[in-house]
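S.K.: coords below, sequence missing:
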């Protein structure tokens with residue numbers, strides 16, 4: 001636990017939403033961190049659009065600013081100036097963040113900026129406010145070793161690694177984990193948004209190859225209509241579109257599945273892979289972004305091509321014993337991504353930044 005401060009608590013402003021129903025990965029991360037920060041050491045100001053997470057509303061030394069239809073950035077900026085936070089944590093890409101960086105550059109705001117990079121940095125992603133949050137950040141962190149390497153390659157900035165944790169309230173193994181490989185027909189799960197980079201169409205193509213397996217797709221987005229059309233064209237009666245799921249519903253779905261198939265090619269360190277591991281779900285993911293939630297050939301497969309993806313799925317669907325062994329390995333591996341430990345890391349970061 002971080003050491004006690006003899007003066008007032010550290011004040012943190014974060015442009016993160018603390019709504020209970022908000023499942024955006026970055027907002028989820030900040031919620032889990034703040035829910036665990038010692039109240040007497042850290043004062044937190046954040047945002048909400050609907051009913052907040054009850055853990056946050058119950059937390060002392062916490063202020064939540066409401067979102068309205070118009071004028072949010074100006075109102076929130078006024079709060080930043082009024083509170084004069086020690087730390088501006090987890091900057092995003094909106095007008096509030098732009099204003100905060102401009103005020104800091106003009107020396108009208110002394111808040112330290114603590115940045116957590118959650119996407120691989122390249123010529124397409126290293127733009128705009130992302131660039132400023134890295135170049136002008138007082139402390140820069142990344143959510144995986146590979147993301148940290150891309151930050152250094154792109155900017156020459158060293159980013160230390162703090163992983164995102166796994167919420168054990170929702171993501172945990174089934175009581176009958178040892179029987180997971182024996183289910184018939186096996187279920188293949190995809191969970192995430194429907195965007196081009198996620199390549200959900202590949203999941204449907206695999207469903208056409210495996211008509212006796214169940215393929216369940218959780219999430220929504222711009223490519224969902226095209227994916228539904230493809231499913232009909234290929235005659236996939238084994239594909240179910242589940243829509244948006246709450247964390248509780250997603251955890252239940254994962255415990256009832258046998259393989260997690262995630263063909264996305266542009267990520268940072270997707271939390272959904274860690275959530276699947278905690279539920280005992282062997283995962284198949286692309287190795288291009290080096291996800292550390294999956295141990296290759298031990299708790300799942302990290303593949304280099306679509307052909308390898310198809311071969312790995314064949315191995316898992318055709319071998320219940322392999323599914324069982326990888327399931328147990330996934331649960332063991334997931335234990336290192338404990339939110340209590342990770343929140344303590346962040347608490348120590350905040351204290352170190354303020355002491356500088």
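M.R.: Great, that's in hand. No experiment lies behind these values; they were computed from the predicted model shown. Numbering: from 1, shown residues only.
S.K.: hey, let's count contacts and neighbours off CA atoms from now on
M.R.: Will do.
S.K.: pretty sure residue 310 contacts residue 206?
M.R.: Yes - contact criterion CA atoms under 8 Å: residue 310 and residue 206 qualify, at 7.2 Å.
S.K.: Flag the shaky bits of the stretch 151-300 of the chain, pLDDT-wise.
M.R.: In the predicted model of the stretch 151-300 of the chain, residues 178-182 satisfy pLDDT under 70.
S.K.: Could you do the stretch 1-150 of the chain as well?
M.R.: Under the criterion pLDDT under 70, the flagged ranges of the stretch 1-150 of the chain are 1-7.
S.K.: end-to-end on stretch 212-230?
M.R.: In stretch 212-230, first residue to last residue: 18 Å (CA to CA, to the nearest Å).
S.K.: which residues of the stretch 151-300 of the chain fall in helices?
M.R.: 200-209, 224-233, 247-255, 271-278 (DSSP state H, counting those that start in this stretch).
S.K.: now, of those, which is deepest in the fold?
M.R.: helix 271-278 (a mean of 27; mean count of other CA atoms under 10 Å).
S.K.: What does the pLDDT read for the residue nearest to residue 298 when sequence neighbours are not counted?
M.R.: With CA to CA, 6 or more residues apart in numbering as the criterion, residue 298 has its nearest non-adjacent residue at 5.8 Å, and that residue is residue 326. On pLDDT, residue 326 comes in at 97.
S.K.: Name the residues that touch stretch 125-140?
M.R.: Residues from elsewhere that reach stretch 125-140 (CA atoms under 8 Å, 6 or more residues apart in numbering): 91-93, 97-98, 101, 112-117, 119, 154-155, 157-160, 353.
S.K.: For ChimeraX, write the select line for the buried members of the residues you listed.
M.R.: Provided next is the ChimeraX selection string for whichever of those are buried by 16 or more other CA atoms under 10 Å:
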select :91,92,97,98,101,112,113,114,115,116,117,119,157,158,159,160
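S.K.: Let's see which of the contacts of stretch 125-140 end up in strands.
M.R.: Among the contacts of stretch 125-140, the members found in strands (DSSP state E) are 112-117, 160.
S.K.: Which of these sits closest to residue 219?
M.R.: Proximity to residue 219 was ranked across those by CA to CA; first place goes to residue 117, at 23.5 Å.
S.K.: Neighbours of the closest residue in space to residue 203 that isn't next to it in sequence, how many?
M.R.: Take residue 203 and drop its neighbours on the chain: the residue closest to it by CA to CA, 6+ apart is residue 261, 7.1 Å away. If you count neighbours by other CA atoms under 10 Å, residue 261 ends up with 30.
S.K.: Just list the residues touching residue 261, thanks.
M.R.: In this structure, residue 261 makes contact with 188-190, 203, 283-285, judged by CA under 8 Å, 6+ apart.
S.K.: can we see that at 10 Å?
M.R.: If you count contacts by CA atoms under 10 Å, 6 or more residues apart in numbering, residue 261 has them with 188-191, 200, 202-203, 206, 215-217, 273, 281-286, 300-301, 309-310, 312-313.
S.K.: now swap in residue 322 and tell me
M.R.: With CA under 10 Å, 6+ apart, residue 322 has these contacts: 181, 282, 297-300, 315-316.
S.K.: Could you turn the buried ones of those into a PyMOL selection?
M.R.: To isolate the buried subset of the contacts of residue 322 in PyMOL, counting by 16+ other CA under 10 Å, use the following:
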select buried, resi 181+282+298+299+300+316
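S.K.: now the angle from the longest helix anywhere in the chain to strand 112-117?
M.R.: Longest helix in the chain, counting residues (DSSP state H): helix 339-355. For helix 339-355 against strand 112-117, the angle by axes from the mean of the first three to the mean of the last three CA atoms, to 10 degrees is 140 degrees.
S.K.: So what touches helix 339-355?
M.R.: 1-5, 9-12, 29-30, 32-38, 41-42, 86-87, 89, 111-114, 138-139, 141, 162-168, 336.
S.K.: Among the residues you listed, which ones are in strands?
M.R.: 10-12, 42, 87, 89, 112-114, 139, 141.
S.K.: could you dump these to a markdown table with distance to residue 63?
M.R.: Below are the ones in strands among the contacts of helix 339-355 laid out as a markdown table (distance: CA to CA, whole Å):
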| residue | distance to residue 63 |
| --- | --- |
| 10 | 14 |
| 11 | 11 |
| 12 | 10 |
| 42 | 12 |
| 87 | 15 |
| 89 | 15 |
| 112 | 19 |
| 113 | 19 |
| 114 | 19 |
| 139 | 24 |
| 141 | 25 |
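S.K.: dump the residue contacts of residue 74.
M.R.: Taking CA under 10 Å, 6+ apart, one finds 80, 95-96, 99 in contact with residue 74.
S.K.: same check, this time on residue 234
M.R.: Residue 234 makes contact with 204-205, 207-209, according to CA under 10 Å, 6+ apart.
S.K.: how close does it get to residue 307?
M.R.: 19 Å.
S.K.: Then residue 260?
M.R.: Going from residue 260 to residue 307 by CA to CA gives 17 Å.
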